[in-house]
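A.B. asks: take a look and give me a structure for this.
(chains A, B and C, ligands or ions: 6)
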Amino acid sequence: MKEVVAIIRPEKLEEVKNALEEVGCHGMTVTEVKGRGRQLGITESYRGRDYRIDLLPKTKIEIVVNDEDLDKVVDTIVKSAQTGDIGDGKIFISGVEEVVRIRTGESGKKAV
Amino acid sequence: MKEVVAIIRPEKLEEVKNALEEVGCHGMTVTEVKGRGRQLGITESYRGRDYRIDLLPKTKIEIVVNDEDLDKVVDTIVKSAQTGDIGDGKIFISGVEEVVRIRTGESGKKAV
Amino acid sequence: MKEVVAIIRPEKLEEVKNALEEVGCHGMTVTEVKGRGRQLGITESYRGRDYRIDLLPKTKIEIVVNDEDLDKVVDTIVKSAQTGDIGDGKIFISGVEEVVRIRTGESGKKAV
Ligand SMILES: Nc1ncnc2c1ncn2[C@@H]1O[C@H](COP(=O)(O)OP(=O)(O)OP(=O)(O)O)[C@@H](O)[C@H]1O
Ligand SMILES: Nc1ncnc2c1ncn2[C@@H]1O[C@H](COP(=O)(O)OP(=O)(O)OP(=O)(O)O)[C@@H](O)[C@H]1O
Ligand SMILES: Nc1ncnc2c1ncn2[C@@H]1O[C@H](COP(=O)(O)OP(=O)(O)OP(=O)(O)O)[C@@H](O)[C@H]1O
Ligand SMILES: [Mg+2]
Ligand SMILES: [Mg+2]
Ligand SMILES: [Mg+2]
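C.D. replies: Ligands and ions are numbered 1, 2, ... in the order given. Take a look at the predicted model:
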């Protein structure tokens, strides 16, 4: 199992969520965060206004997937979150050793 | 070392926290998040009311433990967070390579 | 690639952020969280006042770095976040398998 963590523009959440739904990816956890990327002291756009980059509001999406769904999910996020301007965000992928569904106690691939 | 990430019902936080305390698990980090599981377009209960599932408020608990405490912590969360209704939550387990206590600079098992 | 997760005192964020900037570490994601460490039922200081420790406000910083920058980043956080009192926080390090920059689609070390 893999964990996909995407940090995206808050205004792109709806689009990313719907795109993931269309490829059959339902489970996700969303957190409001702040962040900065490589650029410092230059401006980045947020809700149509320009800000000198320090920490700007971003939205973090965490999705745990089975290995065979990884590429589909990453591609879908890249396509739906992209504007082409700096600050579009990042995706981080790492391994997950076990998943448990609390309601049933079941674990492994079927619990994802 | 392992990281246990549990996404639970917000109304279950007190119960889970107390249950973990009773098994000697003190350290934890808690974040307010939103999420959805497998079901979409059907209803899930939150604070006694039914909502069509999109993103519902959930609580995320992160606990880093030594390997020998992993099963105890996961079992304790499953038991204390379970209601039997859909939306009870998920537990994700992954590996942690190193832990550092900032106050002392100590690292490894004793820093967990 | 590695992920460094630091849970620090909220009042230390500015100092840690500036110290990281000075060593050339720009990218980071920040979340407001609550947490407790080992001590329970004793007092810990927050904004100059003492609280019986249950869940106190903390700030979580997540930084994905290339392997060669790991030690520098961890040392910088320890030095800039430390006060010497209990509750200074923890650093957790784990592996990251892949990174993607959403704007360009590029991946690997240059995307970090
Ligand atoms: N190395 C990193 N570690 C943790 N979070 C990061 C890192 N890099 C970026 N982020 C998060 O992703 C958000 C968006 O980053 P951003 O898209 O600006 O990355 P970038 O590498 O500067 O790419 P671009 O050149 O397209 O702006 C940041 O605000 C931060 O929350
Ligand atoms: N694959 C996943 N990736 C990331 N977060 C998830 C995933 N699945 C569930 N979650 C998180 O856990 C929360 C609770 O999920 P939920 O209990 O509804 O899972 P489920 O698989 O639908 O199980 P159930 O059938 O018992 O409802 C979600 O709101 C979301 O925050
Ligand atoms: N094992 C853990 N798992 C997850 N989060 C933790 C853990 N231990 C500490 N934390 C997080 O780090 C924050 C600060 O912890 P703290 O510095 O009190 O750790 P400690 O081990 O008690 O060290 P000290 O003795 O210096 O107080 C906590 O409020 C919590 O958010
Ligand atoms: Mg940037
Ligand atoms: Mg569900
Ligand atoms: Mg402590």
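A.B. asks: show me the longest helix that occurs in chain A.
C.D. replies: Longest helix of chain A, by residue count under DSSP state H: helix A:70-81.
A.B. asks: check which helices and strands it is in contact with.
C.D. replies: Using 3 or more Cβ pairs under 8 Å, 6 or more residues apart in numbering or on different chains; DSSP states H and E as the contact test, the elements touching helix A:70-81 are strand A:2-8, helix A:13-22, strand A:56-65, strand A:90-95. Placement of C-beta: from N, CA and C, glycine included.
A.B. asks: how does it look with 10 Å?
C.D. replies: Packing contacts for helix A:70-81, counted by 3 or more Cβ pairs under 10 Å, 6 or more residues apart in numbering or on different chains; DSSP states H and E, involve strand A:2-8, helix A:13-22, strand A:56-65, strand A:90-95, strand C:98-101.
A.B. asks: isn't residue A:39 up against residue A:53?
C.D. replies: Yes - A contact is recorded between residue A:39 and residue A:53 when judged using Cβ atoms under 10 Å, the distance being 5.3 Å.
A.B. asks: common neighbours of those two, please.
C.D. replies: The contact sets of residue A:39 and residue A:53 overlap at A:86, A:87, C:26 (Cβ atoms under 10 Å, 6 or more residues apart in numbering or on different chains).
A.B. asks: buried deepest among the helices and strands packed on helix A:70-81, which one?
C.D. replies: The highest average neighbour count among the helices and strands packed on helix A:70-81, using mean count of other Cβ atoms under 10 Å in any protein chain shown, belongs to strand A:2-8 at a mean of 23.
A.B. asks: partner strands of it, with direction?
C.D. replies: Strands adjacent to strand A:2-8 in the sheet, as given by DSSP bridges, are strand A:56-65 (antiparallel), strand A:90-95 (antiparallel).
A.B. asks: could these go into CSV alongside mean pLDDT and distance to residue A:7?
C.D. replies: Formatted as CSV, the entries for the strands paired with strand A:2-8 read as follows, by pLDDT from 0 to 100; distance: least, Cβ to Cβ, whole Å:
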stretch, mean pLDDT, distance to residue A:7
strand A:56-65, 97, 5
strand A:90-95, 98, 5
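A.B. asks: the longest helix of chain A to strand A:2-8, inter-axis angle?
C.D. replies: On the basis of axes from the mean of the first three to the mean of the last three Cα atoms, to 10 degrees, helix A:70-81 is oriented at 10 degrees to strand A:2-8.
A.B. asks: leaving out chain neighbours, which residue sits closest to residue A:96?
C.D. replies: residue A:1 (4.1 Å; Cβ to Cβ, 6 or more residues apart in numbering or on different chains).
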